[in-house]
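S.K.: I would like to see how this sequence folds:
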Amino acid sequence: KQKTAYEIPLRLVGSEMCIRDSFKNQAPKKPCKPCTRWVKHNRNLRQCSRATGHWKPDMKFVDEFRDPSAARSLLAAIDEIVKELGATAEKPIHIMEVCGGHTHAIFRFGLDKLTPTGLEFIHGPGCPVCVLPMSRVDDCVEIAERPGVIMTTFGDVMRVPGTKKSLFQAKADGADVRMVYSPLDALELARRLPNNEVVFFGLGFETTTPSTAVAIQQAAREGLTNFSIFCNHIRVPPPIKTLLEDPHSVIDGFVGPGHVSMVIGTTPYEFIARDFNKPIVVAGFEPLDLLQSILMVLQQMASGRAEVENQYSRVVPDDGNPISIASVEDVYEPRPTFEWRGLGEIDASGLRVRTKYKEFDAEEKFGIGYGLKRNSLKEPEGCACGEVMTGRVKPVACPQFGKGCTPDMPLGALMVSSEGACAAYWQYGGAR
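M.R.: So this is what the prediction gives:
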């Protein structure tokens, strides 16, 4: 029997959530009052009895987390505490949302315009496609253009420009580049095409790293030596540390990434509060998630605290996902250093395939990339991707935004990626 929402444990920090039960096959009768309103801090919700003739609406999680009245209450509380802290438009509180998914949610739901002028969002480097240096795109194109190679990747990577061309352009020039939804799709290609070298362009933060780790483990079990990963996986904590060590940093607090934290938990962020005295709240992606997380950051500041808090506890366990962590540690090890677009080389911020799995490492197999050379390349003239990703400027301040750089003809990765700040401003910010 499928569990109802009332039987599934739910932990929300200080929120006004009422998750509704579902009887999808039952004809609507008379709605009961507890199901038509929000219940404050109610974690032990009562089930309605079918015998009473009451019915339960379908589970509508999105509706619950987009409730206008709850949003107004949160915005009023944010406005009050911003005034209490003495923040103004001239001297605002700066909160960095690390994750690109949060950036898009903020603009999609207009939270940047609903929050008070004394609060300013800084868009962090939490978009793995955006921080990928052009030299790595060039290396990937070089592999893709070799005879007998099938290069597989996620769709938003196809259009990211290198110094000469993107993978999309390489495909147009004859390279066998294929979009897949999972590294396991690439693994299946390797099974079906044993005479081809199938390479998966593995990139992303801790969210996507477990899937490529599992793919390598499976390839090793099956002996599929025509499968390999071009590893560009990176870690979230090191660039946050780099940003905080910048003497010009204006960051007052963080909205922490949700999906990454689902894998690694909240413990890796403790240095932010301990060493830099900055609050961080791991957040979900709906408008009420973000508003509540912002309020929690501000409450820490008002009370003089700096802690790691978990607003997204319905999804993020404090200790992370031990199975995913174990797979990643088995397959990957930290690189001594890795280049980030806009941030340069950051120690121990990237991952590479361990020696015991080297036959599935595209760098070893093709003698390319960090396995052989490191070339740090400058941004295209007029491109401000680096400054945008580090929060020094807004996308609209880039001289190429909407002119030499559009989604149809992107100059930088921030306009291409589904999580890029420039793409968010273009799509939702009214800045076309």
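
S.K.: in the stretch 101-250 of the chain, which spans are helices?
M.R.: Along the stretch 101-250 of the chain, the stretches classed as helices by DSSP state H, counting those that start in this stretch are 111-114, 134-144, 167-172, 183-192, 209-222, 237-245.

S.K.: Stretch 387-395: end-to-end distance?
M.R.: 9 Å (Cα to Cα, to the nearest Å).

S.K.: wait, I meant stretch 79-90
M.R.: 16 Å.

S.K.: Quick one: mean pLDDT over it.
M.R.: If you average the pLDDT over stretch 79-90, you get 95.

S.K.: ok, now stretch 301-313?
M.R.: On average, stretch 301-313 scores 96.

S.K.: So for this structure, which residue is the most central one in space?
M.R.: Cys99 (4.5 Å; Cα atoms, centre = their mean).

S.K.: Now for it: which residues touch it?
M.R.: By Cβ atoms under 8 Å, 6 or more residues apart in numbering, the contact set of Cys99 is 124, 126-127, 255-260, 419. Heads up, the C-betas are built off the backbone N, CA and C, glycines and all.

S.K.: give me phi/psi at it?
M.R.: phi -90, psi 140 (degrees, to the nearest 10).

S.K.: how close does it get to Ile323?
M.R.: Distance, Cys99 to Ile323, using Cβ to Cβ, to the nearest Å: 23 Å.

S.K.: same check, this time on Ala384
M.R.: Counting by Cβ to Cβ, the gap from Ala384 to Ile323 is 40 Å.

S.K.: One more: Phe121?
M.R.: For Phe121 relative to Ile323 (Cβ to Cβ), the value is 34 Å.

S.K.: got TSV for the helices of the stretch 101-250 of the chain, with mean pLDDT too?
M.R.: Putting these into TSV (pLDDT from 0 to 100) gives the following:
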stretch	mean pLDDT
helix 111-114	93
helix 134-144	92
helix 167-172	94
helix 183-192	96
helix 209-222	97
helix 237-245	93
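
S.K.: what's the most buried one of these?
M.R.: The highest mean neighbour count among the helices of the stretch 101-250 of the chain, using mean count of other Cβ atoms under 10 Å, belongs to helix 134-144: a mean of 22.

S.K.: mind listing which of the contacts of Cys99 are in helices?
M.R.: Of these, the ones assigned to helices by DSSP state H are 258-260.

S.K.: about what we covered before: and Ala384 and Ile323? Which one has more around it.
M.R.: Ala384 (23 against 11; other Cβ atoms under 10 Å).

S.K.: now stretch 248-259: mean pLDDT?
M.R.: 94.

S.K.: What are the buried residues along that stretch?
M.R.: Neighbour-count burial for stretch 248-259, with 16 or more other Cβ atoms under 10 Å as criterion, is recorded at 249, 251-259.

S.K.: Farthest-apart pair in those residues, please.
M.R.: Distances among these were taken as Cβ to Cβ; the most separated pair is Ser249 and His259, at 24.6 Å.

S.K.: List the buried residues in the helix or strand Asp63 falls within.
M.R.: Assigned by DSSP states H and E, Asp63 belongs to helix 61-64. Of all the residues in helix 61-64, those buried under the rule 16+ other Cβ under 10 Å are Glu64.

S.K.: In a markdown table, list the buried residues of stretch 248-259 along with distance to Gly148.
M.R.: Formatted as a markdown table, those follow (distance: Cβ to Cβ, whole Å):
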| residue | distance to Gly148 |
| --- | --- |
| Ser249 | 48 |
| Ile251 | 48 |
| Asp252 | 53 |
| Gly253 | 51 |
| Phe254 | 46 |
| Val255 | 45 |
| Gly256 | 43 |
| Pro257 | 38 |
| Gly258 | 40 |
| His259 | 35 |
